[in-house]
Every structure is written in structure tokens, then in C-alpha cells.
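Q: coords please:
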Amino acid sequence: MESPTTHQTGNTETERTDITHTTNTGAARAHASNALKSSSAAVTQPGERIPLSLIGSIVAVGSLAFVGILTETVMTVLFPQLMVEFNVDTATVQWITTIYLLVVAATMPLSSYLNRRFKLRTLFIAAVVLAVTGSLIMIVGHAFPLILLARVIQGVGSGVATPLMMNIILQQAPRSKVGQLMGVGSLVITVAPAIGPTVGGAISSVLPWRAIFVIVIPIVLLLSLPVGLKCIRQTRPTEAAQLNPLQFAAIVLALCGLIFSLNQAGVAVGEAVSGGSGAVRSAILAAVSLVVGVGSLLFFGWSSKRSFSPLIRLGWLRDPVVLLHLLPYLLMPINGIGFGYVITNVAQMSLGTSAFVAGALVLPGALIGAFFAPVGGMLYDRFGAPRPVLAAIGTATLGPVLLLVFSMHLTPGLLAGFYFIFGLCYALGYSNIMTSALSGIDHEFTPDGNAVFQTSLQFGGAVGTALFSTILGVAQAGAGEEGSAAFRHATAVGGACVFATMIVICVISIISLVAAFRIRAARQR
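A: Residues are numbered from 1 along each chain as shown. Down below sits the predicted model:
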């Protein structure tokens, strides 16, 4: 751990160590060997106890992330209603979810700097204030731009809270309990998507949709805030870290450019299919946004390597094992978060179900899967990463395969059943991917690794919502009025294309993880 003085006078040497940490093959292999030995040793230490203060900290900070994700998934199932209220189309209304996920993803890179610079309790209080402020605006806002502003504020709060919870676990958990507690952390933030669609459908049936934000404020102020103030402990000194505004602007531009490019590409295709006049304009915007996004991302990487105080230290990413873990950690949330959008909207727009029924279809798989997340962590602690992760992700692929096979003959029951397969297995394996990756890097760079992986998760979720809404929108273009037979058929076709995309994502993720585990095993020979 660096003290403030060490950070100021020896940062150049620290960054040099960071950059060369994984380029030295012998050192990387030795470090990986030590990490695996430590993991094995952890399994043989069952006597370690989890402090009650740590459990309270996880619950307090995790409940903030819970509130953010809950409101995000609630809004997703309400898209058809919101389209009518605000007089916007599918491509526009999805920004209520996409902009939230995008802001969360843009805030995540700050987590390493925030973790080094500020006390944990200070960050927690800031996240509480942002969550409450955003909810209040959602309650009183009656214009679509104001709703988007509220989602931006809530996104910043969740972008602070989620990596804060993971940093607390990684820094304070007993070594033999890391996998289990990472599963608990995953449980806290995955229960929300499980109940979100159902809550959204139920509320829209009996109350105005804004009531959800009236409900979440007491959760934050009466549960999260007092428990956090009581339990959060500062176990490491703060540092005189400096924020690099140019790098932060670069990563924000990169994320926004890539998401906006995807959105505008979908609009361009939709306009072309329906014979609209805006196809060329949207295509140009998509191309420009892509160039800006990729260019900003490359600049961020280049600047980080040469910066005295980078926003995120990236040298540990030179290890191919870490990169091969990062790819599926980025890709799988496209399916995991995008699934909620696809199931609820296909159910309503193709099968003609109510919002309540559509939301309830997601509940069994997501809720039971969320409660099995700690089981996945315990399997990781017991058997290591390869078998639990590959078995879970491999079986999860069966869900979209079955959905594709039955895509033109789906019923609400089949939607719920096939999603159950994916939701359960996804929860069992996904959180272990990051745990496995971070076990192979130096402990000093854990906050940087957490920042990158959490950013990837949120960015993947934003891509999933934007990508799948684009696919459905393109399929629906020119299909007539919503509710007509042609529109329902077009939605089913769009759903089939989405399910095929999900299968490709799962296969790429499995191949990447197999390669990572083989490289790690070869280093031990």
C-alpha cells in the first residue's frame, strides 16, 4: 500500500512496475503459481470467520446497487406504457435504460481513483445522496429529458456503489471466503433484475409507475444508510491520488461513442427497411460515433501508459489469461441484462401478454438464479475456476438454443422455462469469472482490475439493451401497427434473431475461457 508521500515521490516507479508486471514471463508464471497455491491453501482454512461488520457493509452498499438495478429493470418492462405517455418510439424509449447503464459504465473507471483517494464511508454517503436525488426527480419529472437526467444521476450513484461493494469484499474478506462473498455480492445485485420486471408489471397494474421511486427512497434512507454508517470500516489508508480529467473524458467519449454508434446503426437499418428518409443521416452519425469511440479508447490506453498518475493502471492487462477472462465478462452481460428486455417485450408485443405477466416470466429464472450465486462462489472456493465456470456457462447456452428452436411457436410458459435454464446457470458461473481473473494479478492492482471488470459488465449491459432493441426495431420496421398480426409476427422474427445472437455470444465466451484455463494450467507444468 502506498502512503500519500510514497504516491507522490515514487509513482513513476510504481507505474513502471505496473507496466512490466506481466511482461516478464517468468514473473507472471511465478505469480500465477503463487495465486493458485494461495487459492488451494484457502480451501484448507475453514476456520476463518466472516466479520459481521463486513456482512453489514455488503448489505448496505449492495442495497444501493440493488435499488439502481431494480429501477432499471422496472423501467424496461414499462417501455410500451412509457412510449405512449411520452410519445416516443422504441429506439428512443430504450435510452431510459441505456443511458443509465452507460453512465454507470462511465463512472466505473473512477472507482480505482475514488478507492485510493477517499474513505469508503465518504463514497457510500455520496452514493446515497445521488440515489435519493435521482429518485426524487423521477417522482416529480413529467418531461422525457428530465427523466433521462434523473437516470443519469442514479447511474452515477450506482457507478460508485457497485465497485465499492466489490472492493470491500476483495480487500476485507478472509481469503478462504472470497468466492463465497463474491457470490453474495452478486446475489445482492442480481435479485433486483429478478424481481424488477414483476414489480414493474404489478405496479403498472394498480399504481402509477412513479410509485416505485416512492418505495425505494425509504429502503435507502432507513436500511442502507444506517447500516452502512454503522458497519463500513476503513482498512487501508487513503492516498494523494490525482484525477486525470483528460483520461476520464476519453473513456466517457469512448463508451458514449460506441453505444451511440450501435444505436444509430440500428436506426439507419430500420429507416432503410421501412423506406424512411433518415437512413443516410443515421449511417453517417453511426460511422462518426464509431470513429470517436474507438479513437477515444485507443487514446485512453496510450495516455494511461505514459501518465504519471493514470486514471486506471493497465499494465496487468498484458497477461493473456486476464484478457481471456475479460472478454466473456464483457460479452455475457449482453445476454444477461439484455434478456430481461427481450423476454418482456416479446411477451407483450408478440404473444400479447399484459405487462404483469411479461414481468413474471423473468422472475423464476432470475430470482432462483440470484440465490444460487453464492453456491457458485462456494463451488469456486472448493474446486477452483475451470469446472464450475465452464459447466455453468456451457449449460446456460442451452437456454437461447431452445428459444431459437421454438422461436416461432413460443408460449409464455416456454419463455419462462427456457429463460430459467439460462438465468440459473448464468448466476452460478458469471461472478466467478472476475474472481478467477483477479486471483492472478498483484493485490496492489485489485482496485484497477475491479474498475475495468465492473466497467465491462455495465458496458456489456448497455450494449445488450441497445443491440437487442435495435434488432427488434429493425424486424418491426414497416410491419404495421402494434398489436396487428403482422407486427406480432415481425416481433417473433426479431426475437429469433436475438436468440441466435445470444448463442454466438455464449460460444465465444466459452472458447475464450477454455483458452484462459489452458494457458494457466500450462504455466503450472
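
Q: switch to C-alpha atoms for all contacts and neighbour counts from now on
A: OK.

Q: all strands for the stretch 1-150 of the chain, in order.
A: Assigned by DSSP state E, counting those that start in this stretch, the stretch 1-150 of the chain shows no strands.

Q: Against which helices or strands is the helix ranked longest in the chain packed?
A: Ranked by number of residues, the top helix in the chain under DSSP state H is helix 485-523. Under the contact criterion of 3 or more CA pairs under 8 Å, 6 or more residues apart in numbering; DSSP states H and E, helix 485-523 touches helix 25-43, helix 320-349, helix 386-396, helix 398-405, helix 446-476.

Q: Next, the buried residues of it.
A: For helix 485-523, the buried set under the neighbour-count rule, 16 or more other CA atoms under 10 Å, comprises 486-503, 505-506, 509-510, 512-514, 516-517, 520.

Q: low-scoring stretches of the stretch 201-350 of the chain, by residue?
A: 274-276 (pLDDT under 70).

Q: What segments of it are helices?
A: Assigned helices in the stretch 201-350 of the chain, in chain order: 211-218, 225-231, 245-274, 279-306, 320-349 (criterion: DSSP state H, counting those that start in this stretch).

Q: can you pull the contacts of the residue nearest to Leu255 when sequence neighbours are not counted?
A: Take Leu255 and drop its neighbours on the chain: the residue closest to it by CA to CA, 6 or more residues apart in numbering is Gly293, 6.4 Å away. Counting by CA atoms under 8 Å, 6 or more residues apart in numbering, Gly293 makes contact with Leu253, Ala254, Leu255, Cys256, Gly257, Leu258.

Q: Quickly note the distance from the second one to Gly228.
A: Okay, so that is Ala254. Separation of Ala254 from Gly228 (CA to CA, to the nearest Å): 33 Å.

Q: Check the fifth one too.
A: In this structure, Gly257 and Gly228 are 36 Å apart, going by CA to CA.

Q: go on, the first one?
A: The span separating Leu253 from Gly228 equals 33 Å under the rule CA to CA.

Q: Point out where this structure drops to low pLDDT.
A: Checking the chain against pLDDT under 70 turns up 1-48, 91, 176, 179, 186-198, 274-276.

Q: ok so, going back, take the helices of the stretch 201-350 of the chain and write them to JSON lines, including distance to Thr98.
A: Putting the helices of the stretch 201-350 of the chain into JSON lines (distance: least, CA to CA, whole Å) gives the following:
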{"stretch": "helix 211-218", "distance to Thr98": "19"}
{"stretch": "helix 225-231", "distance to Thr98": "27"}
{"stretch": "helix 245-274", "distance to Thr98": "8"}
{"stretch": "helix 279-306", "distance to Thr98": "16"}
{"stretch": "helix 320-349", "distance to Thr98": "10"}
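
Q: and among the ones you listed, the most buried is which?
A: helix 320-349 (a mean of 23; mean count of other CA atoms under 10 Å).

Q: Check the offset of it from the chain's centre.
A: Centroid displacement of helix 320-349 relative to its chain, using CA atoms, centre = their mean, to the nearest Å, is 9 Å.

Q: what's the answer for stretch 300-314, then?
A: That offset, for stretch 300-314, works out to 23 Å (CA atoms, centre = their mean).

Q: can you check stretch 266-281 too?
A: 30 Å.

Q: residues contacting the residue lying closest to Leu424 once chain neighbours are set aside?
A: Spatial nearest neighbour of Leu424, excluding adjacent residues (CA to CA, 6+ apart): Gly369 at 3.8 Å. Residues near Gly369 by CA under 8 Å, 6+ apart: Phe420, Gly423, Leu424, Cys425, Tyr426, Ala427, Leu428.

Q: name the element Gly369 belongs to?
A: Assigned by DSSP states H and E, Gly369 belongs to helix 355-383.

Q: tell me the angle of that helix relative to helix 320-349?
A: 160 degrees (axes from the mean of the first three to the mean of the last three CA atoms, to 10 degrees).

Q: Could I get the buried residue list for helix 355-383?
A: 355-382.

Q: try stretch 407-422
A: Those would be Ser407, Leu410, Pro412, Leu414, Leu415, Ala416, Gly417, Phe418, Tyr419, Phe420, Ile421, Phe422, for stretch 407-422 by 16+ other CA under 10 Å.

Q: How about the last one, nearest residue that isn't a chain neighbour?
A: Ranked by CA to CA, 6+ apart and with sequence neighbours excluded, the top spatial neighbour of Phe422 is Ala396, at 4.2 Å.

Q: What is the neighbour count of that neighbour?
A: By the measure other CA atoms under 10 Å, the count of residues near Ala396 is 25.

Q: Surely it and Cys425 touch.
A: Yes - when contacts are counted by CA atoms under 8 Å, Ala396 is listed as touching Cys425 (5.0 Å).

Q: where do the contact lists of the two overlap?
A: Overlap of the contact sets of Ala396 and Cys425 (by CA under 8 Å, 6+ apart) is empty.

Q: how about Asn167, phi and psi?
A: Main-chain dihedrals, Asn167, degrees, to the nearest 10: phi -60, psi -40.
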